[in-house]
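S.K.: okay, predicted coordinates and the sequence, questions at the end:
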Amino acid sequence: MGVLNTTPDSFSDGGRFASSEAAIARGLAMAGQGAHIIDVGGESTRPGSEPVPPDEQIRRALPVVRALAEAGLVVSIDTTSARVAAEALAAGAAIINDISAFRFDEGMLALLAQTTVPAIAMHTLGPPKTMQQAPTYANVVAEVVLHLAERVRVAEAHGIDPARIALDPGIGFGKQLEHNLALLEHLDQLVALGHPVLVGTSRKSFLGRLTGKQVGDRLMATAASVAIAIAKGAHIVRVHEPGELRDVIAVADAIAHGASS
């Protein structure tokens, strides 16, 4: 999954793809580099960020979603807003990626119940503005796994086929360094729930803590975390640089799952 932020304040790319033209070109390029899914978002979810109104998310993201979908790409919409998700689906998006696991907008479960599209449910302690304010856990792995299992049960109670739901442990979302490392080490416990698992470690601050590198210099650290995630059972890895990481992903996948996978 290639990350495509159409925001002026992304932690990772500083608004390089804030214009529709630049974002569309980047999405096409990532697909050409081997990305199977392009994840388009119109709202920064970096720690401390303010929420972006649905109208603005739609203005930023929809032209990009539409153009990439018309070009034949598989597009996911990265939003917690049911309205934004619905507009994106109408524009051709094929997946909903919700960092709140369908909690921040009550309409998201209703929307999913009305559609047949897959959705990704991610764990976060709270909204981006407050999620990094001293996050604590008694057992981060158990709590994340139980939370996501419960969100699947809630979705099923709303008439949503649980087979449509992928799970994301939310690396960096309400997590300290040790929490992120524990979740990666024990990712197999989340995989054991039987759902596809997405992991997004690309360029994140915990990698900077470990290496001392700034955001733009975390490619090798990202590569290590991606390889570990695949070895532990991740089905999808969400990255900013699919071209540079394509060989890492191919080798890790072959070792973990067999050369024919």
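M.R.: Good, I have the coordinates.

S.K.: residue 112 and residue 167, how far apart?
M.R.: The gap separating residue 112 from residue 167 is 15 Å, by C-beta to C-beta, to the nearest Å. (C-beta placed from N, C-alpha, C; glycine too.)

S.K.: wait, I meant residue 28
M.R.: Separation of residue 28 from residue 167 (C-beta to C-beta): 29 Å.

S.K.: distance between stretch 146-159 and the chain's centre?
M.R.: 19 Å (C-alpha atoms, centre = their mean, to the nearest Å).

S.K.: quick one: buried residues of that stretch?
M.R.: By 16 or more other C-beta atoms under 10 Å, the buried positions in stretch 146-159 come out as 147-148, 151-152, 155.

S.K.: of all those residues, which comes closest to residue 228?
M.R.: Of all the buried residues of stretch 146-159, residue 228 sits closest to residue 148, with 19.6 Å by C-beta to C-beta.

S.K.: is it true that the closest one touches residue 162?
M.R.: No - assessed by C-beta atoms under 8 Å, residue 148 is found out of contact with residue 162, at 11.3 Å.

S.K.: now do the strands in the stretch 151-261 of the chain.
M.R.: Counting by DSSP state E, counting those that start in this stretch, the stretch 151-261 of the chain has strands at residues 165-168, 198-199, 236-237.

S.K.: any idea of the mean pLDDT in the longest one?
M.R.: So that's strand 165-168. The average pLDDT for strand 165-168 rounds to 98.

S.K.: and residue 235, how far from residue 45?
M.R.: 22 Å.

S.K.: do the same with residue 57
M.R.: The gap separating residue 57 from residue 45 is 12 Å, by C-beta to C-beta.

S.K.: who touches both of these two?
M.R.: Overlap of the contact sets of residue 57 and residue 45 (by C-beta atoms under 8 Å, 6 or more residues apart in numbering) is empty.

S.K.: for residue 236, which non-adjacent residue is spatially closest?
M.R.: Counting by C-beta to C-beta, 6 or more residues apart in numbering, residue 236 lies nearest to residue 198, which is 4.2 Å off, once chain neighbours are set aside.

S.K.: which pLDDT value belongs to the one you found?
M.R.: Looking at residue 198, its pLDDT stands at 98.

S.K.: which residues does it contact?
M.R.: Counting by C-beta under 8 Å, 6+ apart, residue 198 makes contact with 1, 120, 122, 166-168, 234-238.

S.K.: count the neighbours of the closest residue to residue 206 other than its chain neighbours for me.
M.R.: Once flanking residues are discounted, residue 206 sits nearest to residue 180: 4.5 Å by C-beta to C-beta, 6+ apart. Look at residue 180: counted by other C-beta atoms under 10 Å, it has 24 neighbours.

S.K.: thanks again, I'm all set now.
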